[in-house]
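Engineer: Could you look at this predicted model? Sequence included:
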Amino acid sequence: MGKRRIVVTGMGVVAPNGIGKDAFWQALVEGKSGIKKISSFDVSSFPVQIAGEIVDFDASKYMDIKTIRRTGKFAHFAVASAKMAVEDAKIEGNYLTNKKVGIYVGSATGGMDIFEREYETLREKSVHKMSPFGSVAYFPHSAATEIAIKFNCRGKVVTISTGCSCGLEAVGNAFEDIKDEKIDVAIAGGTDGSVSPLTLGSLCATGILSSHNGDPAKTSRPFDAKRSGGILSEGAGIIVLEELEHALNRDAFIYGEIQGYSDSTKTSHLFENDIEGKGFIKEMRQVLQKSFLEAKDIDYICAHAPSDVVRDRAETIAIKEVFGDYAYKIPISSIKSMIGNPLSSAGPMQLIASLMAMKDEIIPPTINYEFPDPECDLDYVANKARKNKINTVLINSHGFGGNNSSVIIKNVD
(Lines give C-alpha, C1' and ligand atoms only; values in the text may rest on other atoms or scores of the structure.)
Protein backbone atom coordinates (compact mmCIF):
# COMPACT_ATOMS: atom_id res chain seq x y z
CA MET A 1 0.00 0.00 0.00
CA GLY A 2 1.02 3.63 -0.51
CA LYS A 3 3.13 3.06 -3.67
CA ARG A 4 0.42 3.58 -6.26
CA ARG A 5 0.70 6.47 -8.72
CA ILE A 6 -2.35 8.67 -9.26
CA VAL A 7 -3.10 10.58 -12.46
CA VAL A 8 -5.72 13.00 -13.80
CA THR A 9 -7.66 11.78 -16.83
CA GLY A 10 -10.67 14.12 -17.00
CA MET A 11 -11.50 17.74 -16.17
CA GLY A 12 -14.66 19.83 -16.05
CA VAL A 13 -15.14 23.44 -15.03
CA VAL A 14 -17.84 26.08 -14.69
CA ALA A 15 -15.97 29.37 -14.21
CA PRO A 16 -16.90 33.06 -14.44
CA ASN A 17 -14.73 33.46 -17.56
CA GLY A 18 -15.53 30.18 -19.28
CA ILE A 19 -17.66 27.04 -19.10
CA GLY A 20 -15.80 23.86 -20.05
CA LYS A 21 -12.06 23.32 -19.71
CA ASP A 22 -11.20 24.59 -23.21
CA ALA A 23 -13.16 27.85 -22.92
CA PHE A 24 -11.81 28.37 -19.39
CA TRP A 25 -8.23 27.74 -20.45
CA GLN A 26 -8.48 29.95 -23.54
CA ALA A 27 -9.81 32.80 -21.39
CA LEU A 28 -6.92 32.42 -18.95
CA VAL A 29 -4.31 32.41 -21.71
CA GLU A 30 -5.88 35.52 -23.24
CA GLY A 31 -6.04 37.27 -19.84
CA LYS A 32 -9.84 37.49 -20.00
CA SER A 33 -11.57 38.48 -16.76
CA GLY A 34 -14.92 37.08 -15.67
CA ILE A 35 -15.53 39.81 -13.08
CA LYS A 36 -18.61 41.91 -13.81
CA LYS A 37 -21.35 43.88 -12.09
CA ILE A 38 -23.74 41.50 -10.34
CA SER A 39 -26.89 40.98 -12.40
CA SER A 40 -28.84 38.28 -10.52
CA PHE A 41 -30.06 40.55 -7.69
CA ASP A 42 -30.24 44.22 -6.77
CA VAL A 43 -26.89 45.38 -5.38
CA SER A 44 -27.63 49.11 -5.20
CA SER A 45 -27.48 49.07 -1.39
CA PHE A 46 -24.27 46.98 -1.20
CA PRO A 47 -20.81 48.56 -0.90
CA VAL A 48 -19.54 45.77 -3.19
CA GLN A 49 -21.43 45.43 -6.47
CA ILE A 50 -19.16 43.19 -8.56
CA ALA A 51 -18.38 39.48 -8.53
CA GLY A 52 -17.29 36.50 -10.58
CA GLU A 53 -20.88 35.55 -11.30
CA ILE A 54 -21.76 32.55 -13.49
CA VAL A 55 -23.92 33.78 -16.38
CA ASP A 56 -25.15 32.07 -19.55
CA PHE A 57 -25.18 28.71 -17.79
CA ASP A 58 -27.93 26.29 -18.80
CA ALA A 59 -28.31 23.61 -16.12
CA SER A 60 -30.81 21.70 -18.30
CA LYS A 61 -27.89 20.53 -20.45
CA TYR A 62 -26.71 18.45 -17.50
CA MET A 63 -29.73 17.72 -15.29
CA ASP A 64 -33.47 17.14 -15.64
CA ILE A 65 -35.85 19.99 -14.82
CA LYS A 66 -37.27 18.33 -11.71
CA THR A 67 -33.79 17.97 -10.19
CA ILE A 68 -32.88 21.54 -11.12
CA ARG A 69 -35.94 22.91 -9.31
CA ARG A 70 -35.23 21.09 -6.05
CA THR A 71 -31.47 21.77 -5.88
CA GLY A 72 -29.20 24.79 -5.47
CA LYS A 73 -26.97 26.26 -8.14
CA PHE A 74 -23.82 24.95 -6.43
CA ALA A 75 -25.18 21.43 -7.09
CA HIS A 76 -25.95 22.40 -10.70
CA PHE A 77 -22.37 23.59 -11.19
CA ALA A 78 -21.00 20.43 -9.56
CA VAL A 79 -23.04 17.98 -11.65
CA ALA A 80 -22.24 19.90 -14.84
CA SER A 81 -18.50 19.89 -14.11
CA ALA A 82 -18.56 16.23 -13.10
CA LYS A 83 -20.38 15.30 -16.31
CA MET A 84 -17.78 17.22 -18.35
CA ALA A 85 -14.93 15.54 -16.45
CA VAL A 86 -16.35 12.02 -16.86
CA GLU A 87 -16.93 12.60 -20.58
CA ASP A 88 -13.44 14.07 -20.93
CA ALA A 89 -12.04 10.93 -19.26
CA LYS A 90 -14.07 8.84 -21.74
CA ILE A 91 -15.69 6.76 -19.01
CA GLU A 92 -18.89 5.29 -20.37
CA GLY A 93 -21.79 3.01 -19.53
CA ASN A 94 -22.31 1.69 -16.02
CA TYR A 95 -18.64 1.74 -15.10
CA LEU A 96 -19.07 4.23 -12.26
CA THR A 97 -21.42 1.89 -10.40
CA ASN A 98 -18.26 -0.02 -9.47
CA LYS A 99 -17.72 0.10 -5.69
CA LYS A 100 -14.09 1.10 -6.24
CA VAL A 101 -15.20 4.60 -7.35
CA GLY A 102 -15.38 7.48 -4.86
CA ILE A 103 -16.82 11.01 -4.95
CA TYR A 104 -15.12 13.82 -3.01
CA VAL A 105 -16.52 17.36 -3.13
CA GLY A 106 -15.62 20.50 -1.22
CA SER A 107 -18.13 23.29 -0.61
CA ALA A 108 -17.80 26.35 1.60
CA THR A 109 -21.33 27.79 1.40
CA GLY A 110 -23.55 24.94 0.23
CA GLY A 111 -26.93 25.83 -1.25
CA MET A 112 -27.12 29.40 -0.03
CA ASP A 113 -29.65 30.33 -2.72
CA ILE A 114 -31.97 27.57 -1.47
CA PHE A 115 -31.48 28.71 2.13
CA GLU A 116 -32.40 32.29 1.19
CA ARG A 117 -35.39 31.17 -0.87
CA GLU A 118 -36.80 29.02 1.92
CA TYR A 119 -36.29 31.73 4.50
CA GLU A 120 -38.19 34.20 2.33
CA THR A 121 -41.02 31.68 1.96
CA LEU A 122 -41.17 31.23 5.73
CA ARG A 123 -41.10 34.98 6.39
CA GLU A 124 -43.50 36.12 3.68
CA LYS A 125 -45.88 33.15 3.52
CA SER A 126 -45.79 30.35 6.10
CA VAL A 127 -43.94 27.24 7.19
CA HIS A 128 -46.54 25.21 5.31
CA LYS A 129 -45.36 26.67 2.00
CA MET A 130 -41.73 25.63 2.45
CA SER A 131 -40.26 22.94 0.21
CA PRO A 132 -39.74 19.47 1.69
CA PHE A 133 -36.49 19.36 -0.27
CA GLY A 134 -35.14 22.65 1.09
CA SER A 135 -33.42 21.32 4.19
CA VAL A 136 -31.55 18.73 2.11
CA ALA A 137 -30.80 20.97 -0.86
CA TYR A 138 -28.88 23.62 1.09
CA PHE A 139 -26.70 21.08 2.94
CA PRO A 140 -23.13 21.16 1.56
CA HIS A 141 -23.36 17.40 1.01
CA SER A 142 -26.14 17.70 -1.58
CA ALA A 143 -23.71 18.45 -4.43
CA ALA A 144 -21.74 15.24 -3.89
CA THR A 145 -25.00 13.33 -3.49
CA GLU A 146 -26.36 14.65 -6.78
CA ILE A 147 -23.16 13.56 -8.55
CA ALA A 148 -23.57 10.08 -7.03
CA ILE A 149 -27.18 9.96 -8.21
CA LYS A 150 -26.24 11.21 -11.67
CA PHE A 151 -23.71 8.45 -12.23
CA ASN A 152 -25.31 5.76 -10.04
CA CYS A 153 -22.17 5.59 -7.91
CA ARG A 154 -22.37 3.20 -4.97
CA GLY A 155 -18.98 3.74 -3.39
CA LYS A 156 -17.63 6.35 -1.01
CA VAL A 157 -19.27 9.81 -1.14
CA VAL A 158 -17.47 12.51 0.88
CA THR A 159 -18.09 16.24 1.46
CA ILE A 160 -15.45 18.54 2.96
CA SER A 161 -16.27 22.05 4.17
CA THR A 162 -13.25 23.95 5.45
CA GLY A 163 -13.62 27.22 3.57
CA CYS A 164 -11.70 28.16 0.44
CA SER A 165 -9.20 25.32 0.76
CA CYS A 166 -11.73 22.48 0.85
CA GLY A 167 -11.89 21.86 -2.90
CA LEU A 168 -8.18 21.10 -3.02
CA GLU A 169 -8.58 19.10 0.19
CA ALA A 170 -11.25 17.01 -1.54
CA VAL A 171 -8.78 16.26 -4.32
CA GLY A 172 -6.12 15.45 -1.73
CA ASN A 173 -8.40 13.05 0.13
CA ALA A 174 -9.27 11.30 -3.13
CA PHE A 175 -5.55 11.07 -3.95
CA GLU A 176 -4.79 9.48 -0.59
CA ASP A 177 -7.65 6.97 -0.81
CA ILE A 178 -6.52 5.80 -4.25
CA LYS A 179 -2.96 5.61 -2.97
CA ASP A 180 -4.11 3.45 -0.05
CA GLU A 181 -6.06 1.12 -2.39
CA LYS A 182 -9.47 2.05 -1.01
CA ILE A 183 -10.64 3.06 -4.50
CA ASP A 184 -9.30 3.03 -8.07
CA VAL A 185 -11.14 6.05 -9.52
CA ALA A 186 -12.37 9.31 -7.99
CA ILE A 187 -14.51 12.24 -9.06
CA ALA A 188 -13.17 15.13 -6.98
CA GLY A 189 -13.17 18.90 -6.70
CA GLY A 190 -15.08 21.86 -5.31
CA THR A 191 -18.24 23.86 -5.95
CA ASP A 192 -19.94 26.99 -4.62
CA GLY A 193 -22.88 29.05 -5.82
CA SER A 194 -21.82 31.85 -3.56
CA VAL A 195 -22.92 35.00 -5.39
CA SER A 196 -26.08 35.63 -3.36
CA PRO A 197 -27.34 38.50 -1.17
CA LEU A 198 -26.58 36.83 2.16
CA THR A 199 -23.11 35.61 1.21
CA LEU A 200 -22.14 38.92 -0.36
CA GLY A 201 -23.55 40.90 2.56
CA SER A 202 -21.75 38.81 5.17
CA LEU A 203 -18.44 39.12 3.34
CA CYS A 204 -18.96 42.88 2.94
CA ALA A 205 -19.25 43.01 6.73
CA THR A 206 -15.80 41.41 7.13
CA GLY A 207 -14.15 44.12 5.05
CA ILE A 208 -12.10 41.62 3.01
CA LEU A 209 -13.72 42.42 -0.36
CA SER A 210 -12.71 45.25 -2.66
CA SER A 211 -15.35 47.95 -3.05
CA HIS A 212 -13.76 49.42 -6.18
CA ASN A 213 -16.76 48.88 -8.44
CA GLY A 214 -15.89 51.22 -11.31
CA ASP A 215 -14.05 48.85 -13.65
CA PRO A 216 -14.84 45.27 -12.55
CA ALA A 217 -12.35 43.58 -14.88
CA LYS A 218 -9.48 45.57 -13.35
CA THR A 219 -10.40 45.27 -9.67
CA SER A 220 -8.75 41.93 -8.89
CA ARG A 221 -5.01 42.63 -8.96
CA PRO A 222 -3.00 40.08 -6.96
CA PHE A 223 0.44 41.24 -5.77
CA ASP A 224 -0.15 44.75 -7.21
CA ALA A 225 0.59 47.68 -4.89
CA LYS A 226 -2.95 49.02 -5.40
CA ARG A 227 -4.77 45.78 -4.61
CA SER A 228 -7.68 46.51 -2.31
CA GLY A 229 -9.26 43.17 -1.44
CA GLY A 230 -10.64 40.00 -2.95
CA ILE A 231 -13.59 39.48 -5.29
CA LEU A 232 -16.37 37.04 -4.41
CA SER A 233 -16.88 34.48 -7.14
CA GLU A 234 -18.59 31.15 -7.78
CA GLY A 235 -18.42 28.03 -9.92
CA ALA A 236 -17.08 24.49 -9.85
CA GLY A 237 -13.98 22.56 -10.81
CA ILE A 238 -14.10 18.75 -10.91
CA ILE A 239 -11.47 16.24 -12.04
CA VAL A 240 -11.27 12.48 -12.55
CA LEU A 241 -8.41 10.79 -10.73
CA GLU A 242 -7.24 7.25 -11.44
CA GLU A 243 -4.53 4.83 -10.43
CA LEU A 244 -1.91 4.96 -13.20
CA GLU A 245 -2.10 1.32 -14.33
CA HIS A 246 -5.88 1.52 -14.30
CA ALA A 247 -5.72 4.54 -16.63
CA LEU A 248 -3.15 2.92 -18.92
CA ASN A 249 -5.15 -0.30 -19.16
CA ARG A 250 -8.12 1.58 -20.59
CA ASP A 251 -5.89 3.73 -22.82
CA ALA A 252 -6.95 6.98 -21.15
CA PHE A 253 -5.38 10.34 -21.95
CA ILE A 254 -3.30 11.45 -18.95
CA TYR A 255 -3.02 15.18 -18.17
CA GLY A 256 -0.56 14.76 -15.33
CA GLU A 257 0.28 12.98 -12.11
CA ILE A 258 -0.45 14.06 -8.54
CA GLN A 259 3.00 13.85 -6.98
CA GLY A 260 2.06 14.91 -3.46
CA TYR A 261 -0.55 16.53 -1.24
CA SER A 262 -0.48 18.12 2.18
CA ASP A 263 -2.87 20.07 4.40
CA SER A 264 -2.53 21.76 7.76
CA THR A 265 -4.01 24.44 10.02
CA LYS A 266 -2.13 27.40 11.48
CA THR A 267 -4.48 29.63 13.45
CA SER A 268 -5.69 30.81 16.83
CA HIS A 269 -8.66 32.81 15.48
CA LEU A 270 -11.17 32.40 12.63
CA PHE A 271 -10.10 35.66 10.97
CA GLU A 272 -6.44 35.57 11.97
CA ASN A 273 -4.10 37.20 9.44
CA ASP A 274 -0.95 35.12 9.14
CA ILE A 275 1.14 38.15 8.17
CA GLU A 276 4.42 36.19 8.25
CA GLY A 277 3.11 33.41 6.04
CA LYS A 278 3.90 30.68 8.57
CA GLY A 279 1.01 28.53 7.41
CA PHE A 280 2.12 28.74 3.80
CA ILE A 281 5.72 27.98 4.81
CA LYS A 282 4.73 24.87 6.73
CA GLU A 283 2.46 23.67 3.96
CA MET A 284 4.90 24.12 1.09
CA ARG A 285 7.71 22.44 3.00
CA GLN A 286 5.45 19.52 3.87
CA VAL A 287 4.25 18.96 0.31
CA LEU A 288 7.80 19.13 -1.06
CA GLN A 289 8.89 16.57 1.52
CA LYS A 290 5.93 14.27 0.80
CA SER A 291 6.63 14.55 -2.93
CA PHE A 292 10.32 13.72 -2.46
CA LEU A 293 11.25 16.92 -4.24
CA GLU A 294 13.52 19.88 -3.59
CA ALA A 295 12.61 23.53 -4.08
CA LYS A 296 14.62 23.74 -7.32
CA ASP A 297 12.45 21.01 -8.85
CA ILE A 298 9.42 23.32 -9.05
CA ASP A 299 8.94 24.99 -12.45
CA TYR A 300 5.83 27.07 -11.68
CA ILE A 301 3.74 28.10 -8.66
CA CYS A 302 0.00 28.60 -9.13
CA ALA A 303 -0.55 30.90 -6.18
CA HIS A 304 -3.51 31.29 -3.82
CA ALA A 305 -3.14 35.12 -3.99
CA PRO A 306 -6.73 36.47 -3.84
CA SER A 307 -5.76 40.15 -4.32
CA ASP A 308 -5.78 40.59 -0.55
CA VAL A 309 -3.37 43.14 0.94
CA VAL A 310 -2.16 40.80 3.69
CA ARG A 311 -2.46 37.34 2.14
CA ASP A 312 -0.66 38.14 -1.13
CA ARG A 313 2.27 39.55 0.82
CA ALA A 314 2.27 36.61 3.25
CA GLU A 315 2.40 34.10 0.39
CA THR A 316 5.28 36.03 -1.19
CA ILE A 317 7.18 36.02 2.12
CA ALA A 318 6.58 32.29 2.45
CA ILE A 319 7.79 31.52 -1.07
CA LYS A 320 11.00 33.43 -0.36
CA GLU A 321 11.49 31.55 2.91
CA VAL A 322 10.95 28.12 1.36
CA PHE A 323 12.72 28.66 -1.97
CA GLY A 324 15.48 31.08 -0.98
CA ASP A 325 17.23 32.79 -3.90
CA TYR A 326 15.50 30.40 -6.30
CA ALA A 327 12.21 32.15 -5.48
CA TYR A 328 13.21 34.93 -7.87
CA LYS A 329 13.60 32.44 -10.72
CA ILE A 330 10.23 30.69 -10.42
CA PRO A 331 7.30 31.96 -12.50
CA ILE A 332 4.33 32.60 -10.19
CA SER A 333 0.83 33.63 -11.19
CA SER A 334 -2.64 34.02 -9.72
CA ILE A 335 -5.61 33.12 -11.89
CA LYS A 336 -7.80 34.86 -9.30
CA SER A 337 -6.87 38.04 -11.16
CA MET A 338 -9.31 36.73 -13.81
CA ILE A 339 -11.82 34.63 -11.88
CA GLY A 340 -11.95 36.26 -8.44
CA ASN A 341 -12.18 33.90 -5.48
CA PRO A 342 -14.73 31.12 -6.14
CA LEU A 343 -14.16 29.77 -2.61
CA SER A 344 -13.96 25.94 -2.60
CA SER A 345 -13.65 25.68 -6.38
CA ALA A 346 -10.60 27.99 -6.47
CA GLY A 347 -8.09 25.22 -5.74
CA PRO A 348 -9.54 22.78 -8.30
CA MET A 349 -9.69 25.55 -10.92
CA GLN A 350 -6.02 26.30 -10.19
CA LEU A 351 -5.27 22.59 -10.56
CA ILE A 352 -7.08 22.42 -13.90
CA ALA A 353 -5.26 25.55 -15.11
CA SER A 354 -1.92 24.08 -14.02
CA LEU A 355 -2.55 20.78 -15.82
CA MET A 356 -3.41 22.70 -18.98
CA ALA A 357 -0.30 24.84 -18.48
CA MET A 358 1.86 21.69 -18.41
CA LYS A 359 0.08 20.26 -21.46
CA ASP A 360 0.34 23.39 -23.62
CA GLU A 361 3.57 24.72 -22.10
CA ILE A 362 1.98 28.11 -21.37
CA ILE A 363 1.87 29.90 -18.00
CA PRO A 364 -1.33 31.92 -17.49
CA PRO A 365 -0.71 35.53 -16.45
CA THR A 366 -1.50 37.61 -13.41
CA ILE A 367 -3.50 40.37 -15.07
CA ASN A 368 -3.86 43.92 -13.75
CA TYR A 369 -0.31 43.91 -12.39
CA GLU A 370 0.56 47.58 -13.00
CA PHE A 371 2.08 49.03 -9.83
CA PRO A 372 4.93 46.98 -8.27
CA ASP A 373 4.78 46.42 -4.53
CA PRO A 374 8.27 46.42 -2.95
CA GLU A 375 7.13 43.63 -0.62
CA CYS A 376 5.83 41.55 -3.54
CA ASP A 377 8.85 41.51 -5.83
CA LEU A 378 8.85 38.07 -7.46
CA ASP A 379 8.12 37.03 -11.05
CA TYR A 380 4.31 37.13 -11.25
CA VAL A 381 4.05 36.61 -15.05
CA ALA A 382 2.53 40.06 -15.36
CA ASN A 383 -0.36 40.67 -17.76
CA LYS A 384 0.61 38.32 -20.60
CA ALA A 385 0.78 34.53 -20.79
CA ARG A 386 4.27 33.13 -21.17
CA LYS A 387 5.48 30.23 -23.28
CA ASN A 388 7.41 28.05 -20.86
CA LYS A 389 8.13 24.33 -20.60
CA ILE A 390 6.70 23.06 -17.32
CA ASN A 391 7.31 19.69 -15.73
CA THR A 392 6.34 20.26 -12.09
CA VAL A 393 3.83 22.68 -10.52
CA LEU A 394 3.08 23.65 -6.92
CA ILE A 395 -0.50 24.78 -6.20
CA ASN A 396 -1.43 26.67 -3.02
CA SER A 397 -4.85 27.12 -1.41
CA HIS A 398 -5.78 28.88 1.83
CA GLY A 399 -9.01 29.33 3.77
CA PHE A 400 -10.51 31.10 6.78
CA GLY A 401 -9.50 29.44 10.02
CA GLY A 402 -5.92 29.06 8.83
CA ASN A 403 -6.51 25.99 6.67
CA ASN A 404 -3.80 25.48 4.06
CA SER A 405 -3.64 22.91 1.27
CA SER A 406 -0.94 22.33 -1.32
CA VAL A 407 -0.67 19.92 -4.23
CA ILE A 408 2.27 19.17 -6.50
CA ILE A 409 1.61 17.85 -9.99
CA LYS A 410 4.04 16.67 -12.65
CA ASN A 411 4.18 15.27 -16.14
CA VAL A 412 4.03 11.49 -16.27
CA ASP A 413 7.43 9.96 -17.01
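Structural biologist: Nice, thanks for sending it over.
Engineer: how far out from the middle of the chain is the lowest-mean-pLDDT helix or strand in the chain?
Structural biologist: Lowest by mean pLDDT, DSSP states H and E among the helices and strands of the chain is helix 134-137, with a mean of 76. The chain centre lies 24 Å from the centre of helix 134-137; the measure is C-alpha atoms, centre = their mean, to the nearest Å.
Engineer: What residues sit buried inside the helix or strand just after that helix?
Structural biologist: Later in the chain than helix 134-137, the nearest helix or strand by DSSP states H and E is helix 142-151. Buried residues in helix 142-151, defined by neighbour count with 16 or more other C-beta atoms under 10 Å: 142-148, 150-151. Glycine gets a C-beta too; all of them are placed from N, C-alpha and C.
Engineer: Over to stretch 179-193?
Structural biologist: Using 16+ other C-beta under 10 Å as the burial criterion, the residues of stretch 179-193 that qualify are 179, 183-193.
Engineer: what's the spacing between the residue nearest to G18 when sequence neighbours are not counted and L232?
Structural biologist: Nearest residue to G18, sequence neighbours excluded (C-beta to C-beta, 6 or more residues apart in numbering): F24, at 3.7 Å. From F24 across to L232, the span is 19 Å (C-beta to C-beta, to the nearest Å).
Engineer: Tell me which of those two has more neighbours.
Structural biologist: Between F24 and L232, counted using other C-beta atoms under 10 Å, the more crowded position is F24 (29 against 26).
Engineer: check which helix or strand covers the more buried one.
Structural biologist: Using DSSP H and E, F24 sits in helix 21-30.
Engineer: so what secondary structure elements neighbour the next helix or strand after that helix?
Structural biologist: Toward the C-terminus, helix 21-30 is succeeded by strand 36-37 as the next helix or strand (DSSP H and E). Secondary-structure packing of strand 36-37 (3 or more C-beta pairs under 8 Å, 6 or more residues apart in numbering; DSSP states H and E): strand 50-51.
Engineer: Can you give me the buried ones in the helix or strand following the strand it packs on?
Structural biologist: Counting by DSSP H and E, the next helix or strand C-terminal to strand 50-51 is helix 65-70. For helix 65-70, a neighbour-count test (16+ other C-beta under 10 Å) marks 67-68, 70 as buried.
Engineer: Which stretches in the stretch 201-350 of the chain count as strands?
Structural biologist: For the stretch 201-350 of the chain, applying DSSP state E, counting those that start in this stretch gives strands covering 235-243, 256-265, 300-302, 332-333.
Engineer: List of residues touching the last one?
Structural biologist: Contact with strand 332-333 is made by 300-303, 319, 363-366, 378-381, as judged by C-beta atoms under 8 Å, 6 or more residues apart in numbering.
Engineer: Which pLDDT value belongs to the residue lying closest to E30 once chain neighbours are set aside?
Structural biologist: The shortest distance from E30 to any non-neighbouring residue, by C-beta to C-beta, 6+ apart, is to A385 (7.6 Å). Here the pLDDT value assigned to A385 is 98.
Engineer: what about A385, how many neighbours?
Structural biologist: Look at A385: counted by other C-beta under 10 Å, it has 18 neighbours.
Engineer: I figured it was touching I363, is that so?
Structural biologist: Yes - between A385 and I363 there is a contact under C-beta atoms under 8 Å: 6.3 Å.
Engineer: right, and F46 touches L200 too?
Structural biologist: Yes - if you go by C-beta under 8 Å, F46 and L200 touch, sitting 6.2 Å apart.
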